[in-house]
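J.: sharing a model prediction with you, sequence too.
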Amino acid sequence: MNKVLIIDDDRWFADAVAKNLHKHGWQTHISPDAAKGIEAIDDFKPNALLLDVMLPGSSAPAILNELQSHKDLADLPIVLCTSVHSDQFDLDALKSYGVRTVLDKAHSGPDDILKALQNAIS
(Lines give C-alpha, C1' and ligand atoms only; values in the text may rest on other atoms or scores of the structure.)
Protein backbone atom coordinates (compact mmCIF):
# COMPACT_ATOMS: atom_id res chain seq x y z
CA MET A 1 0.00 0.00 0.00
CA ASN A 2 1.26 3.48 -0.85
CA LYS A 3 1.75 5.76 2.12
CA VAL A 4 2.17 9.52 1.96
CA LEU A 5 3.02 11.93 4.74
CA ILE A 6 1.36 15.30 4.16
CA ILE A 7 3.17 18.16 5.89
CA ASP A 8 0.91 21.18 5.51
CA ASP A 9 -0.50 23.74 7.94
CA ASP A 10 -3.61 24.30 5.79
CA ARG A 11 -5.85 21.68 7.38
CA TRP A 12 -8.64 22.09 4.82
CA PHE A 13 -6.23 21.48 1.95
CA ALA A 14 -4.51 18.55 3.70
CA ASP A 15 -7.85 16.91 4.55
CA ALA A 16 -9.12 17.29 0.97
CA VAL A 17 -5.94 15.73 -0.42
CA ALA A 18 -6.03 12.90 2.13
CA LYS A 19 -9.68 12.15 1.36
CA ASN A 20 -8.94 11.84 -2.35
CA LEU A 21 -5.86 9.71 -1.76
CA HIS A 22 -7.85 7.37 0.52
CA LYS A 23 -10.36 6.86 -2.32
CA HIS A 24 -7.45 5.61 -4.42
CA GLY A 25 -6.10 3.23 -1.80
CA TRP A 26 -3.40 5.41 -0.24
CA GLN A 27 -2.72 5.57 3.45
CA THR A 28 -2.04 9.11 4.72
CA HIS A 29 -0.79 10.92 7.77
CA ILE A 30 -1.09 14.69 8.18
CA SER A 31 1.39 16.79 10.13
CA PRO A 32 0.70 20.53 10.52
CA ASP A 33 4.33 21.59 10.85
CA ALA A 34 7.89 20.54 10.11
CA ALA A 35 8.77 19.27 13.58
CA LYS A 36 5.74 16.97 13.79
CA GLY A 37 6.36 15.85 10.22
CA ILE A 38 9.95 14.85 10.91
CA GLU A 39 8.79 12.97 14.03
CA ALA A 40 6.07 11.16 12.05
CA ILE A 41 8.44 9.85 9.38
CA ASP A 42 10.01 7.19 11.61
CA ASP A 43 6.67 5.86 12.88
CA PHE A 44 4.60 6.18 9.70
CA LYS A 45 7.33 5.15 7.23
CA PRO A 46 5.90 6.87 4.14
CA ASN A 47 7.04 6.05 0.66
CA ALA A 48 6.34 9.64 -0.45
CA LEU A 49 6.09 13.09 1.08
CA LEU A 50 3.75 15.93 0.10
CA LEU A 51 5.40 19.04 1.49
CA ASP A 52 4.06 22.58 1.76
CA VAL A 53 6.77 25.15 1.09
CA MET A 54 5.49 27.80 3.52
CA LEU A 55 5.20 26.35 7.02
CA PRO A 56 5.19 27.86 10.50
CA GLY A 57 8.55 27.39 12.18
CA SER A 58 10.92 25.45 9.94
CA SER A 59 10.47 25.87 6.22
CA ALA A 60 10.55 23.29 3.44
CA PRO A 61 14.27 23.91 2.74
CA ALA A 62 15.06 23.05 6.37
CA ILE A 63 13.08 19.81 6.06
CA LEU A 64 14.78 18.94 2.78
CA ASN A 65 18.19 19.44 4.40
CA GLU A 66 17.15 17.38 7.43
CA LEU A 67 16.02 14.50 5.23
CA GLN A 68 19.29 14.57 3.30
CA SER A 69 21.22 14.16 6.55
CA HIS A 70 19.64 10.72 7.07
CA LYS A 71 20.84 8.03 4.69
CA ASP A 72 17.56 6.10 4.89
CA LEU A 73 15.51 9.21 4.01
CA ALA A 74 17.73 10.82 1.39
CA ASP A 75 15.86 9.09 -1.45
CA LEU A 76 12.33 9.71 -0.16
CA PRO A 77 10.29 11.03 -3.13
CA ILE A 78 8.94 14.50 -2.41
CA VAL A 79 6.25 16.55 -4.08
CA LEU A 80 6.40 20.22 -3.11
CA CYS A 81 3.07 21.99 -2.98
CA THR A 82 3.05 25.76 -2.72
CA SER A 83 0.96 28.88 -3.01
CA VAL A 84 4.09 30.64 -4.29
CA HIS A 85 4.29 30.50 -8.09
CA SER A 86 5.86 27.14 -8.87
CA ASP A 87 7.83 28.62 -11.78
CA GLN A 88 10.02 30.37 -9.20
CA PHE A 89 11.59 27.04 -8.24
CA ASP A 90 14.56 25.42 -9.97
CA LEU A 91 13.39 21.80 -10.17
CA ASP A 92 16.77 20.61 -11.42
CA ALA A 93 18.43 21.99 -8.27
CA LEU A 94 15.72 20.50 -6.04
CA LYS A 95 16.01 17.00 -7.53
CA SER A 96 19.14 16.34 -5.48
CA TYR A 97 16.90 16.71 -2.40
CA GLY A 98 14.40 14.13 -3.63
CA VAL A 99 11.91 16.64 -5.04
CA ARG A 100 10.16 15.11 -8.03
CA THR A 101 7.86 18.01 -8.89
CA VAL A 102 6.52 21.34 -7.63
CA LEU A 103 2.78 21.97 -7.75
CA ASP A 104 1.00 25.30 -7.47
CA LYS A 105 -1.84 24.91 -4.94
CA ALA A 106 -3.99 27.45 -6.75
CA HIS A 107 -3.90 25.46 -9.98
CA SER A 108 -3.65 21.86 -8.74
CA GLY A 109 -6.62 19.76 -7.75
CA PRO A 110 -6.65 16.51 -5.78
CA ASP A 111 -6.26 14.42 -8.95
CA ASP A 112 -3.19 16.45 -9.99
CA ILE A 113 -1.64 15.71 -6.61
CA LEU A 114 -2.52 12.02 -6.89
CA LYS A 115 -0.86 11.84 -10.31
CA ALA A 116 2.24 13.69 -9.09
CA LEU A 117 2.62 11.29 -6.16
CA GLN A 118 2.10 8.25 -8.39
CA ASN A 119 4.77 9.55 -10.74
CA ALA A 120 7.08 10.33 -7.82
CA ILE A 121 7.13 6.77 -6.52
CA SER A 122 7.24 5.00 -9.87
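T.: That came through, no problem.
J.: list the buried residues of the host helix or strand of residue 28.
T.: Assigned by DSSP states H and E, residue 28 belongs to strand 27-31. Under the neighbour-count criterion of 16 or more other Cβ atoms under 10 Å, strand 27-31 has 28, 29, 30, 31 buried. C-betas here are computed from N, CA, C, even on glycine.
J.: residue contacts, the last one?
T.: Spelled out, that is residue 31. Each residue near residue 31 by Cβ atoms under 8 Å, 6 or more residues apart in numbering is listed here: 5, 6, 7, 37, 39, 40.
J.: now the second one
T.: With Cβ under 8 Å, 6+ apart as the criterion, the residues that contact residue 29 are 3, 4, 5, 6, 40, 44, 46.
J.: identify the residue nearest the last one in space, chain neighbours excluded?
T.: In this case it means residue 46. With Cβ to Cβ, 6 or more residues apart in numbering as the criterion, residue 46 has its nearest non-adjacent residue at 4.0 Å, and that residue is residue 5.
J.: burial of the one you found, as a residue count?
T.: Using other Cβ atoms under 10 Å, residue 5 has 23 other residues around it.
J.: what do you get for residue 105?
T.: By other Cβ under 10 Å, neighbour count at residue 105 equals 19.
J.: let's verify the residue nearest to the spatial centre of the chain: helix, strand, or coil?
T.: Among the residues of the chain, residue 50 comes closest to the average C-alpha position under Cα atoms, centre = their mean, at 1.4 Å. Of the three states, residue 50 takes strand under DSSP: H, G, I helix; E, B strand; the rest coil.
J.: tell me the spacing between it and residue 118.
T.: 12 Å (Cβ to Cβ, to the nearest Å).
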